[in-house]
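Student: Quick one: sequence plus predicted model below, questions after.
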Amino acid sequence: MPRRALTVPFLLVLVAAAPPLPGFNAAVGPATDPAAAAAGPAAGPAAGVLPAAPVSASDYMNLAAQAVAQRQDKPALRALGHAETRLISRSVPLFQTRALDTTTPVRLIEQARQAIRAGDFDAAAQLIARATPLVAQAEAPAPAAH
C-alpha cells in the first residue's frame with residue numbers, strides 16, 4: 001500500500017511537466033480551426049485557436065479544394081475527412097445507427113479521397129467540385145413548416 005501512495009503524486013508531477021501537444025489548447029481541448037486541421041500541427045500560432053462559430057462541411061470542402069489545387073495530399077485528406085464527418089453526424093432513429101450513409105455527397109467525398117490516395121489530383125478536384133454544391137444543399141436547414 002505505501003508504494004501506491006508514492007506512485008500517484010509522482011505520476012501527477014510527470015503529467016504536469018509534460019510539454020503541450022501541438023495543435024492542442026489545454027484549456028478547451030483539440031483545435032477545431034479548419035485551417036489548422038487541414039494544415040496540421042505546424043500551422044503556426046493560430047493552430048490552437050478555436051473558431052467563434054461552428055465550421056461547416058462546406059468550409060472543409062473549400063479547404064480540400066485549395067489543398068488539392070496545391071497538390072497537398074495530407075491536408076486535402078484531412079479536410080475531406082472533416083467534411084464527411086460533418087455530413088454523417090446526424091440524428092437517426094433508434095437501432096438504425098449502424099446504417100451507412102451512402103448519399104451522393106458522401107460517395108463523392110470518398111471517391112475524391114481515393115483519387116488523392118492514387119495521386120490523381122485532377123480527378124479529385126473534379127469530384128470535389130461536383131460534391132461541394134451537394135454538401136451545401138445537404139447542410140441547408142429544412143424550410144420551416146407553416
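Tutor: Yep, that arrived.

Student: only C-alpha atoms for contact and neighbour calcs from this point on.
Tutor: Noted.

Student: what about the strands in the protein?
Tutor: With strands called from DSSP state E, the chain shows them at 24-25, 29-30.

Student: what's the average pLDDT for the last one?
Tutor: When you say that, I think you mean strand 29-30. In this model, strand 29-30 has a mean pLDDT of 46.

Student: Low-confidence stretches in the chain?
Tutor: 1-54, 90-93, 96-102, 142-146 (pLDDT under 70).

Student: Can you mark which positions in the lengthiest helix in the chain are buried?
Tutor: In the chain, with assignment by DSSP state H, the single longest helix is helix 121-139. The neighbour-count check on helix 121-139 (16 or more other Cα atoms under 10 Å) flags 121, 123-125, 127-129, 131-132, 134-136, 138 as buried.

Student: by contact count, what packs against that helix?
Tutor: helix 57-69, helix 73-88, helix 104-117 (3 or more Cα pairs under 8 Å, 6 or more residues apart in numbering; DSSP states H and E).

Student: Name the residues of the last one that come out as buried.
Tutor: Buried residues in helix 104-117, counted by 16+ other Cα under 10 Å: Pro105, Val106, Leu108, Ile109, Glu110, Gln111, Ala112, Arg113, Ala115, Ile116.

Student: now the longest one
Tutor: Of the residues in helix 73-88, those with enough neighbours to count as buried (16+ other Cα under 10 Å) are 73-84, 86-87.

Student: one step back: just the buried residues of helix 121-139 now: which is nearest Leu94?
Tutor: Ala138 (21.7 Å; Cα to Cα).

Student: how far away is Glu110 from Arg117?
Tutor: 11 Å (Cα to Cα, to the nearest Å).
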